[in-house]
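Visitor: got a predicted structure here, sequence first:
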Amino acid sequence: MRVRYGYRTFLLEIVMIAVALAFLFPVYALITLSLKDARGIAAEPLSPPTDPTFDNFSRAWSQATLGEALLNSTLITVLSLLALIATGSFAAYFLARCATRLGFRLYVLFLLGIVLPFQLGMIPLFRLVDSMGLLGTYQGMILFYTGIQLPFTVFLYTGFIRALPGEYAHAALIDGATHLQAFTRVVFPLLRPITGTVLILNAVFIWNDFFTPLLYLGGSARETVPVRIFAFVGQYVSDYGLVFAGLVLASLPIVAAFLVLQRYVIRGFASGMKG
Amino acid sequence: MSLSIPGRRRRGGFLTPPWWFAAPALLVYALVVLYPSLSGMVYAFTDWSGIGDSSFNGLDNFRQLFRDDAARGALGNTLSLTLAIVVVQNGIGLLLALGVHTRIRSRGLLRVVFFAPAVVSPVMVAVLWKYVYNPAPDAGLNGILGAIGLGGLRQDWLGDPSLALWSVAGMVVWQFAGYSMIIFLAGLSGVPDELHEAAMIDGAGRFQRFRHVTWPLLAPALTINIMLSTIGGLKLFDQVYAATGGGPGYASETLSTVLFKEAFVLGHYGYSTAIALVLALFVAAVSLVQIHYLRGREVNG
């Protein structure tokens, strides 16, 4: 089966590269237009920029207040991930190691959350967050992401822990460690591969989420990147150079992170689960 | 250990972690998911508007949903959009996977290129595609069509009511076909070379090998892909909201956008939770049917 690189493979290579180039057309348009001024776009929208200008980028950065939005997105994503890992890994450890009927029922209760679409509880939750005074705050978003992503996080952790021998923790317990020490010092470090998957899948979901931050943060100083960009686009809708420069800046962090970690990101997504 | 409740200690012994390990997660989960979802199910049967008292109105909300042209149209749109996305995204994803899972030298790079859009925010992809779908003859897709001599195919992609929904499907497929590809690739790498060699020795051609060796073994990947794209399609909101806002008219309205407008523009909380319940039932029903059907296929394959 391991055929050599023959002329058929070469033909396939040409076809696949052509497909990739066509596929990349929107990205080409994005970069080209972001480097042109309004006159350049009006005259020759799709030709490569002859006289590239970076003016759009500095204007987009300040007019969309992207610095603030990036800071908001970073804080919300990082703190939600910490809360998810902390609560999810502890709960999963209990669920994986507790052989009683109660433990199993609790596990099923968590799994139910993967099937329930969040729209069902969306309005009552919005009212609840409002009544707690958490609209327009980081805390409200962190609480939301922790709760909404817990079923999936618990599911991934529980499966992984079940396949892990219990002897490591037992040895620590027999040596006099508390459960807390046994988990944090012995078991948790062994969970590194699945913690990586949990981090990547949840980070992509939280960073890109739009609907809930639009509801909870829209119009406030706490807007995340997608919400801020959406408002910015609405304001400068016909100024494509400016809008696209904003898009490039806003998607740069996640695209850069993806390119650096691509092996892990692709492996995480290939597991077939999504937040 | 001293915190374990007596019952747990008797059953699990001192090696079982204490119950309070699960307490913080359970608390947050109950607050954010369980309690709101349960109240959503109850409010679906009321005329709740967010102000003042609400009273039960039986199945009125659901009757209204099937009488209301906008909501019925949105239901139809959601189903058509989902079907289109499931078929086209997975079809393209499979072709890309088969093309990349070969000896070509660019396979590593192509895998990254095709998958990359999936990590970007759908709203930003929608903004980008609004330009691709620009009605001007020299911009975006129309510009390309003109440049390659297919100017006759130029369209007002998002402004034409009969086209808007399919244009939205197109941008979703562009963003997530690479994601389907990745899952198919994971499935393909699980197909042992020996099976292909055996089939080749038995005289099976390229197509026969695909049909009888690769395809049956791709069943788990296909299951996952169809599940993910169906659920994603049914819930689709960001791309529609950012690209067309449901328009022109109601041409690209989906259950999620109607739900959003009824709740946060019109304040019809009771009615919009009823729409959410219908959406939830669809998602749950589709998941169950698919698991059942595709499980059977896996066994027979």
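Guide: Great, that's in hand. Fair warning: this is a prediction, and the values are worked out from it, not measured in the lab.

Visitor: grab the nearest non-local neighbour of residue 61.
Guide: Chain wasn't specified; assuming chain A. A:L249 (6.1 Å; C-beta to C-beta, 6 or more residues apart in numbering or on different chains). Just so you know, the C-beta spots here come from the backbone N, C-alpha and C atoms, and that holds for glycine as well.

Visitor: not what I meant, chain B
Guide: For B:N61, ignoring the flanking residues on the chain, the nearest one in space by C-beta to C-beta, 6+ apart is B:A274 at 3.5 Å.

Visitor: helix, strand, or coil at that neighbour?
Guide: Of the three states, B:A274 takes helix under DSSP: H, G, I helix; E, B strand; the rest coil.

Visitor: tell me how many other residues surround it.
Guide: As a burial measure, B:A274 scores 28 neighbours (other C-beta atoms under 10 Å in any protein chain shown).

Visitor: likewise for A:S131?
Guide: A:S131 has 9 nearby residues by other C-beta under 10 Å.

Visitor: where in chain B is the helix or strand with the lowest mean pLDDT?
Guide: Least confident helix or strand, chain B: helix B:6-12 with a mean of 45, by mean pLDDT, DSSP states H and E.

Visitor: same deal with chain A?
Guide: helix A:38-43 (a mean of 79).

Visitor: packing partners of the strand or helix carrying B:V127?
Guide: Per DSSP states H and E: B:V127 is located in helix B:122-132. Secondary-structure packing of helix B:122-132 (3 or more C-beta pairs under 8 Å, 6 or more residues apart in numbering or on different chains; DSSP states H and E): helix A:25-34, helix A:225-235, helix A:240-260, helix B:140-147, helix B:164-188, helix B:238-243.

Visitor: tell me what the third one is packed against?
Guide: Using 3+ C-beta pairs under 8 Å, 6+ apart, the elements in contact with helix A:240-260 are helix A:25-34, helix A:38-43, helix A:55-63, helix A:66-97, helix A:192-208, helix A:225-235, helix B:122-132.

Visitor: just want the angle from the helix or strand B:N77 falls within to helix B:164-188.
Guide: Assessed by DSSP H and E, B:N77 sits inside helix B:69-100. Angle of helix B:69-100 versus helix B:164-188, following axes from the mean of the first three to the mean of the last three C-alpha atoms, to 10 degrees, is 40 degrees.

Visitor: would you mind listing the buried residues in helix B:69-100?
Guide: Buried residues in helix B:69-100, counted by 16 or more other C-beta atoms under 10 Å in any protein chain shown: B:71, B:73-75, B:77-78, B:81-82, B:84-86, B:88-90, B:92-94, B:96-100.

Visitor: how about stretch A:119-136?
Guide: With burial defined by 16+ other C-beta under 10 Å, the residues of stretch A:119-136 counted as buried are A:119-129, A:134-136.

Visitor: which pair in these spans the largest distance?
Guide: With distances taken as C-beta to C-beta, the most widely separated pair in the buried residues of stretch A:119-136 is A:L120 and A:G136, at 23.8 Å.

Visitor: now the stretch 1-150 of chain A against chain B: closest residue?
Guide: A:G147 (2.3 Å; C-beta to the nearest C-beta).

Visitor: for A:M273, give me the pLDDT.
Guide: We have a pLDDT of 58 for A:M273.

Visitor: how about A:H170?
Guide: pLDDT recorded at A:H170 is 91.

Visitor: residues near it, how many?
Guide: Neighbours of A:H170 under the rule other C-beta under 10 Å: 14.

Visitor: so it makes contact with B:L15?
Guide: Yes - counting by C-beta atoms under 8 Å, A:H170 does reach B:L15; the two are 5.5 Å apart.

Visitor: that older thread, from B:F115, how far out is the residue nearest to A:W61?
Guide: 22 Å (C-beta to C-beta, to the nearest Å).

Visitor: now B:L27
Guide: With distances taken as C-beta to C-beta, B:L27 is found 37 Å from B:F115.

Visitor: of these two, who's got more company?
Guide: Taking neighbours as other C-beta under 10 Å, B:L27 and B:F115 compare with B:F115 leading, 24 against 12.

Visitor: for the nearest residue to B:Y241 once chain neighbours are set aside, give me the pLDDT.
Guide: Excluding its sequence neighbours, the residue lying closest to B:Y241 (C-beta to C-beta, 6+ apart) is B:T257, at 5.9 Å. Note for B:T257: predicted pLDDT of 91.

Visitor: and B:T257, how close does it get to A:V129?
Guide: Distance of B:T257 to A:V129, computed by C-beta to C-beta: 22 Å.

Visitor: equivalent analysis for B:L222, please.
Guide: 39 Å.

Visitor: now do A:A203
Guide: Distance from A:A203 to A:V129, by C-beta to C-beta: 22 Å.

Visitor: circling back to that earlier point, helices and strands around the helix or strand where the residue nearest to B:Y241 lies, which ones?
Guide: Assigned by DSSP H and E, B:T257 falls within helix B:255-264. With contacts defined as 3+ C-beta pairs under 8 Å, 6+ apart, the packing partners of helix B:255-264 are helix A:119-131, helix B:69-100, helix B:238-243, helix B:269-300.

Visitor: that older thread, ok, and of the buried residues of stretch A:119-136, which contact chain B?
Guide: Of the entries in these, the ones placed beside chain B under the rule of C-beta under 8 Å from any C-beta of the partner chain are A:Q119, A:L120, A:G121, A:M122, A:I123, A:P124, A:L125, A:R127, A:L128.

Visitor: closest one to B:L266 out of those, please.
Guide: A:I123 (12.2 Å).

Visitor: SS state for A:L134?
Guide: With three-state DSSP as the criterion, A:L134 reads coil.

Visitor: around chain A, which positions in the stretch 151-300 of chain B sit nearby?
Guide: So the stretch 151-300 of chain B meets chain A at B:174, B:179, B:182-183, B:185-186, B:193, B:196-197, B:200, B:221, B:224, B:228, B:232, B:235, B:237-238, B:241-242, B:256, B:259-260, B:263-264, B:269, B:272-273, B:276-277, B:279-280, B:283-284, B:287 (C-beta under 8 Å from any C-beta).

Visitor: and with 6 Å instead?
Guide: B:182-183, B:186, B:193, B:196-197, B:224, B:228, B:235, B:237-238, B:263, B:269, B:273, B:276, B:279-280, B:283-284 (C-beta under 6 Å from any C-beta of the partner chain).

Visitor: what does the stretch 1-150 of chain B give?
Guide: B:11, B:15-18, B:21-22, B:24-25, B:28-29, B:32-33, B:36-37, B:39-40, B:99, B:103-104, B:110, B:112-113, B:119-121, B:123-124, B:127-128, B:131-132, B:138-139, B:143.
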